[in-house]
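A.B. asks: here is the input, now give the coordinates:
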Amino acid sequence: ALAAAALRPLVARVAAPLKLLVLDCDYTLWEHAVGEAGPRGVVCEARHLELQERALALRQAGVLIALCSKNLEHDVWDALEVCGGLLRREHVSAHVVS
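C.D. replies: Numbering: from 1, shown residues only. Take a look at the predicted model:
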């Protein structure tokens, strides 16, 4: 743990900058599976909101956000709108949802 903490600043200086953040939806952006619970059945809990807040901060810094999910596309977009989260369709630069 001490070695990892000591190396973290060095790795940050020599590593390529982050340009893309790819997120899954179910149990990552919200609780429950949208395919089982439906768009209105998923819930954004504090940990999901924190992740979305961090993703949006990265977006402000120039990082693109993408979604990758095995769900119906309209269910994903509907869930983003109604689950009470921060992330919206307009924040997503690319997606693979099937």
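A.B. asks: what's the spacing between the residue most central in space within the chain and residue 3?
C.D. replies: Taking Cα atoms, centre = their mean as the criterion, residue 23 is the residue nearest the geometric centre of the chain, at 4.1 Å. From residue 23 across to residue 3, the span is 30 Å (Cβ to Cβ, to the nearest Å). In short, each C-beta sits where N, CA and C put it, glycine included.
A.B. asks: what of residue 35?
C.D. replies: The value you get for residue 35 to residue 3, if Cβ to Cβ is used, is 42 Å.
A.B. asks: higher neighbour count, the two?
C.D. replies: Using other Cβ atoms under 10 Å as the criterion, residue 35 and residue 3 rank with residue 35 on top: 14 against 7.
A.B. asks: ok, residue 34 - contacts?
C.D. replies: Residues near residue 34 by Cβ atoms under 8 Å, 6 or more residues apart in numbering: 25, 26, 41, 42, 71, 75, 76, 79.
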